[in-house]
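J.: I need the structure of the sequence given here:
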Amino acid sequence: MAESKKETPVDYQDSNENCHCPICLEKVRNPKNLPCYHTFCESCIQTYISSTATRTDNETLKSIECPVCRRCIEAPRNDISSEDWASELPQNKLLLSISVDPGQDENKFCLFCKRSEKVVPAKHWCKACMEAICEDCKSLHRNVPILQNHQIVNLSNIMEVNSEIEIEESCLLHKGKVLDLFCHDHQKLCCSVCHLKQHKWCKNVNTLEDIALDINRDKIQNTALKYVDLEKTVNDILSENLNKVSKLHTRKQEICLVTEEKVQEIKSLVDNAHALWLKRFEQNHADSVGNIELASEELRRFSTTVHEARTMLQSVLKSGSSKQLFVTNYKLQNQISNHITRLKSLDIWNFSEDYKQNNWDFLIQISNAKEFEDVVLSKLRSTAVERILLSAQDNILQRRKTMSQKDWMKVNLRKLSQIELPEYAYYGLFVHDTRVIFSFTNQHSLKIYDISEATGECIHTEKCQDKPYGLCHSGLSLNEIYVSFENFITHYRIDAAEKIAFTKLRTIQLKEPMLAISRGPTAAFAANRSKRMICSLDFCVIHISAYKPEAVPFVSSSLVSDLHSFIRDDMVIVVDGNNKEIFRSTRHENLRGLAFDLEDNILVCKHKTTKLKQFKYGESESREIGLEGMSETYNVILHPAGEKILVLDFSKKWCIYQIS
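T.: Numbering: from 1, shown residues only. The predicted model follows:
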């Protein structure tokens with residue numbers, strides 16, 4: 001059980017740092033929260049709203065973009081003024097509680113009495129009311145039932161005033177309700193109404209009070225330390241970008257100087273050509289520097305998000321209760337994750353590195369082409385986002401590490417959600433913890449379903465010009481996937497957290513048709529109706545073998561090793577990256593889709609049964625796993641973290657199961 005109070009480590013010696021408003025850069029006054037959890041002075045956000053609010057596409061509600069993360073925030077109603085909008089934003093009570101100073105003038109007199117136009121010295125502090133009170137008002141608290149549970153401390157004791165702070169967090173969906181539960185199945189904070197409507201049947205729901213008893217402060221302290229490293233990483237990148245701009249400026253000046261010297265030699269012939277060349281060069285230079293500066297501005301905004309998160313988390317670590325620490329850490333991690341997702345979606349990371357002038361003989365150029373040859377611009381893709389992800393990432397790999405500690409030959413599967421499909425979809429994939437994607441060949445579309453409820457709902461349809469087939473992830477990120485269209489593969493980035501958006505990153509033309517595709521740490525694996533192929537990570541074929549599936553081809557690559565599996569002659573076959581056979585199961589009828597688990601055991605669907613067959617890797621041991629809600633299992637997909645699993649039922653539905 002975690003202790004309620006712990007000595008502040010030396011690593012947090014700056015934890016008293018004040019939270020500053022990102023707009024005025026001063027200590028925040030009357031703090032107000034936007035829905036993205038960024039905090040501003042009420043007066044600052046009011047001024048920002050009045051100067052930037054615009055109409056949305058439907059021309060009914062005004063909206064603003066958060067000054068830090070650029071998330072779109074809609075007004076609560078059509079005719080609201082900027083003053084009312086700012087006033088109605090929720091107050092950051094946690095920040096107010098953390099920053100209480102008993103020595104401030106407003107805390108020297110009882111605020112209860114002041115409202116009755118009385119001036120009475122204050123001697124106590126009510127943590128629930130967050131106000132200074134006198135002796136009489138303290139007695140009033142003891143006599144009024146609704147006030148009797150309020151914690152009252154001596155105002156002169158700053159340690160008591162600023163310790164064990166705990167704020168009731170309001171539910172954003174249900175007015176008047178507070179967040180007091182957490183659903184581990186769907187990773188959501190809940191109020192009592194949320195629980196009744198959405199999580200009634202979830203089996204892993206705990207009260208925040210129970211969670212607070214076992215909160216691991218050391219782990220969250222490590223998260224706060226990681227925010228320090230993350231902020232330093234961003235600032236290092238910003239410094240590097242300034243150096244890049246300086247280098248480009250210097251090289252521009254050098255090239256322009258040499259060019260000008262040559263121009264002077266043949267000035268009478270080339271004045272007009274020089275002017276046109278310089279205009280093009282200036283524009284290319286402005287575009288190059290502008291792109292770096294645009295990326296730097298986005299990184300500064302992200303640095304502000306990280307700085308705020310670090311400051312808030314360190315403050316709560318010092319002054320907040322365990323329950324408050326859990327809620328604040330959860331909210332801040334979601335805030336940073338959403339901001340990183342936005343950074344990844346921006347097409348601004350191809351940076352200019354240098355300029356090169358291939359031909360200095362302008363006389364020949366003007367004689368032959370009547371214009372100067374343009375300066376050659378070399379570009380290099382920035383690794384800023386990848387470095388940020390490397391600093392921030394504790395998600396898939398850490399979660400996978402936790403799940404890999406299980407004995408996978410003994411895990412249980414508990415049904416979470418079910419999706420009814422309009423037609424057969426043989427291939428699916430997780431693109432978010434509560435979002436899955438399926439390929440529909442007849443409809444030429446990719447559909448995304450929300451699985452946060454017991455019955456999954458289609459929330460987006462992406463039309464395709466060709467038939468989509470197999471799907472696989474392109475790395476550790478859930479939202480970057482490859483989709484096979486038989487003769488080519490398209491690499492997509494999918495924003496699936498809030499508004500669904502597809503971004504096509506590139507298209508790979510194939511020399512061999514591919515229907516089923518999978519991708520491991522070092523190689524890819526693919527199959528069509530006559531061949532199976534081991535490929536490089538960009539699907540260039542390395543080994544090819546004859547292969548004739550019973551029906552739809554299914555293949556799987558291990559998440560943790562260089563192994564690949566498929567079904568042949570009613571047996572599970574496992575090969576390595578050199579196409580050498582490693583494992584062959586005994587013969588079983590009606591085997592279909594398959595997937596590796598985190599111990600490289602094989603989960604296989606047995607068509608015409610309600611079960612999964614699990615073969616222990618390298619041994620003859622196997623078992624059958626019964627599945628609630630199944631009639632005929634046909635394909636199986638494992639979440640990259642190993643926490644959930646998708647199983648296709650041949651009756652046109654998919655079921656999602658929690659692994660425990």
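
J.: Now do the phi/psi pair for Ile459.
T.: phi -120, psi -10 (degrees, to the nearest 10).

J.: Tell me if I'm right that it and Asp450 touch.
T.: Yes: if you go by Cβ atoms under 8 Å, Ile459 and Asp450 touch, sitting 4.9 Å apart. (Each C-beta comes from the backbone N, C-alpha and C, glycine too.)

J.: So these two - more neighbours on which side?
T.: The neighbour count for Ile459 versus Asp450, taken as other Cβ atoms under 10 Å, is higher for Asp450 (19 against 13).

J.: Show me what that one bridges to in the sheet.
T.: Arg435, Glu457 (DSSP bridges).

J.: Tell me which residue is most central in this protein.
T.: Ser337 (3.7 Å; Cα atoms, centre = their mean).

J.: A helix includes it, no?
T.: Yes: Ser337 forms part of a helix when assessed by DSSP: H, G, I helix; E, B strand; the rest coil.

J.: Check the spacing between it and Tyr330 real quick.
T.: Distance, Ser337 to Tyr330, by Cβ to Cβ, to the nearest Å: 11 Å.

J.: just Phe182 next, same as before
T.: According to Cβ to Cβ, Phe182 stands 8 Å off from Tyr330.

J.: now swap in Phe372 and tell me
T.: 59 Å.

J.: Compare these two (neighbour count), which wins?
T.: Taking neighbours as other Cβ under 10 Å, Phe372 and Tyr330 compare with Phe372 leading, 23 against 15.

J.: That one contacts Trp360, doesn't it?
T.: No: counting by Cβ under 8 Å, Phe372 stays clear of Trp360, with 10.1 Å between them.

J.: anything in contact with each of the two?
T.: Taking Cβ atoms under 8 Å, 6 or more residues apart in numbering as the criterion, Phe372 and Trp360 both touch Thr259.

J.: which secondary structure elements does whatever helix or strand Trp85 lives in contact?
T.: Assigned by DSSP states H and E, Trp85 belongs to helix 82-88. Secondary structure elements in contact with helix 82-88, counted by 3 or more Cβ pairs under 8 Å, 6 or more residues apart in numbering; DSSP states H and E, are helix 42-52.

J.: For the helix it packs on, what is the distance to the chain centroid?
T.: 28 Å (Cα atoms, centre = their mean, to the nearest Å).

J.: Pull the residues that contact that helix.
T.: Residues outside helix 42-52 that contact it (Cβ under 8 Å, 6+ apart): 21, 23-24, 29-32, 34, 40, 64-65, 67, 82-83, 85-87, 89.

J.: Give me the buried entries from those residues.
T.: The neighbour-count test (16 or more other Cβ atoms under 10 Å) applied to the contacts of helix 42-52 identifies 21, 23, 31-32, 34, 40, 64, 67, 82, 85-86, 89 as buried.

J.: So which of these is the closest to Lys379?
T.: Pro67 (30.3 Å; Cβ to Cβ).

J.: tell me the SS of that closest one?
T.: In three-state terms, and counting by three-state DSSP, Pro67 is coil.

J.: pretty sure it contacts Cys24?
T.: No: using Cβ under 8 Å, Pro67 makes no contact with Cys24, being 10.9 Å away.

J.: Between those two, which contacts overlap?
T.: Counting by Cβ under 8 Å, 6+ apart, nothing touches both Pro67 and Cys24.

J.: which residues of the stretch 451-600 of the chain fall in strands?
T.: 457-463, 471-473, 480-484, 486-495, 501-514, 516-519, 524-527, 531-535, 541-546, 555-557, 563-568, 571-576, 581-584, 591-596 (DSSP state E, counting those that start in this stretch).

J.: by contact count, what packs against whichever helix or strand comes after the last one?
T.: Per DSSP H and E, the first helix or strand lying C-terminal to strand 591-596 is strand 602-606. In terms of contact count using 3+ Cβ pairs under 8 Å, 6+ apart, strand 602-606 is assigned the packing partners strand 571-576, strand 591-596, strand 611-615, strand 633-638, strand 644-649.

J.: so what strands line up beside the third one?
T.: Spelled out, it's strand 611-615. By DSSP bridges, strand 611-615 pairs with strand 602-606 (antiparallel), strand 622-626 (antiparallel).

J.: And the first one, by the same measure?
T.: For strand 571-576, the pairing partners within the sheet under DSSP bridges are strand 563-568 (antiparallel), strand 581-584 (antiparallel).

J.: Tabulate these in a markdown table, adding columns for mean pLDDT and distance to Val483.
T.: A markdown table is the format used below for these (pLDDT from 0 to 100; distance: least, Cβ to Cβ, whole Å):
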| stretch | mean pLDDT | distance to Val483 |
| --- | --- | --- |
| strand 563-568 | 94 | 19 |
| strand 581-584 | 92 | 29 |
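
J.: Ranking those by mean neighbour count, which comes first?
T.: Mean neighbour counts were taken over the strands paired with strand 571-576 using mean count of other Cβ atoms under 10 Å, and the top value, a mean of 23, falls to strand 563-568.

J.: What lies in contact with that one?
T.: 518, 520, 523, 525, 527, 532, 534, 547, 549-550, 553-558, 572-577, 582, 591-592, 594, 596, 600, 602, 604.

J.: Buried members of those residues into PyMOL, please.
T.: Buried subset of the contacts of strand 563-568, written as a PyMOL selection, criterion 16+ other Cβ under 10 Å:
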select buried, resi 518+520+523+525+527+532+534+547+549+553+554+555+556+557+558+572+573+574+575+576+577+582+591+592+594+596+600+602+604
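
J.: Perfect, that will be all.
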